[in-house]
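Trainee: Build me a structure from this.
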Amino acid sequence: MSIYLKAITAFAVFLAGFSLGQTARAQAKLNEREVRTESSEEDKTDAIWVMDFKFKDPRMIKMHVTGQGTRIYWYLWYQVINRSKETHRFVPYFEIVTLDFPAVYPDSNFPTVEEAIKKLEDPTGYQNIRNSVTISEEPIPLSKPDAFPRAVTGVAIWEATTSINPKKRDAKVRELNETTRFSIFVRGLSNGFVVVDPLATGQPSITRYKTLQLNFRRQGDRYSVDPRDITFLAPAEWIYRPGGGTILDDGK
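Mentor: This is a model prediction of the structure:
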């Protein structure tokens, strides 16, 4: 082969590799969605701050847990971006609420699962992914409107099955992996709250917190870990929702 043909071939290989790399990066970005700050009718004062939230559609991972067998976990990769005027801590409270059967699933910390997720989502460690406890240890830094955002990355994790062996699970208990319609609620992105009258006389007043609601649909086999089974149902919504798990820390 002549030097000229070799050069042409090498350049063609380079272009093909570059194109594939660009396509892979573009596909990875397609599943990242950013929810910007929005005011709500229930916002009472101008002192309310809200941080932006970027996320990927929930993904699934199958893990063998020593002494417990093989289980499936769901996780939500996310980033918090603070474009407000001051630094704030993100003290998160994540809940999945299933709509086809009424159930609530708060996220939990699973160190072994967390490490496996980090290897998948951030093999170089560049993102420094935090869990729902460690992400609250330091304030979210300010991001200027005209500058590249200083995002802080985290992951929320849920146990979706107690066992992938039908003989080892309680058939009467509805597990997360059975749902086909669900919402993820994210609290801690704002200091907004309102106190409303109780539902019945003699009961305490109800506190509702400004919360981000993300709606999803799931299809496919209940033991599938294909991320394409989960579809985001736009738009994301800022609502005021009752809750008692999050302490909002306005520390700088």
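
Trainee: ranges for the strands of the stretch 101-250 of the chain?
Mentor: 103-106, 152-159, 181-187, 193-196, 206-218, 230-242 (DSSP state E, counting those that start in this stretch).

Trainee: So which elements touch the second one?
Mentor: I take that to be strand 152-159. The contact analysis (3 or more CB pairs under 8 Å, 6 or more residues apart in numbering; DSSP states H and E) places strand 152-159 against strand 69-81, helix 111-121. The way it works is simple: take the backbone N, C-alpha and C, and place the C-beta from them, glycine included.

Trainee: Parallel or antiparallel, list what pairs with the longest one.
Mentor: It stands for strand 69-81. Here strand 69-81 is paired, per DSSP bridges, with strand 52-56 (antiparallel), strand 59-65 (antiparallel), strand 152-159 (antiparallel).

Trainee: Worst mean pLDDT among these?
Mentor: Here these differ in mean pLDDT, and the lowest is strand 59-65 at a mean of 92.

Trainee: Now that one: buried residues?
Mentor: 59, 60, 61, 63 (16 or more other CB atoms under 10 Å).

Trainee: returning to that earlier point: can you tell which of the strands paired with strand 69-81 is closest to residue 211?
Mentor: Residue 211 sits nearest to strand 52-56 of all these, at 11.0 Å, using CB to CB.

Trainee: Next, count neighbours for the nearest residue to residue 83 once chain neighbours are set aside.
Mentor: Spatial nearest neighbour of residue 83, chain neighbours left out: residue 143 (5.2 Å); criterion: CB to CB, 6 or more residues apart in numbering. Number of residues near residue 143 (other CB atoms under 10 Å) recorded here: 17.

Trainee: which one of the strands paired with strand 69-81 lies closest to residue 199?
Mentor: strand 152-159 (28.6 Å).

Trainee: my guess is residue 207 contacts residue 241, does it?
Mentor: No. The criterion here is CB atoms under 8 Å, and residue 207 misses it with residue 241 at 10.0 Å.

Trainee: Tell me which of the strands of the stretch 101-250 of the chain sits most buried.
Mentor: strand 152-159 (a mean of 22; mean count of other CB atoms under 10 Å).

Trainee: Contacts for it next, please.
Mentor: 71, 73-80, 90, 92, 94, 96, 105, 107-110, 113-114, 117-118, 121-122, 127-132, 135, 140-141, 176 (CB atoms under 8 Å, 6 or more residues apart in numbering).
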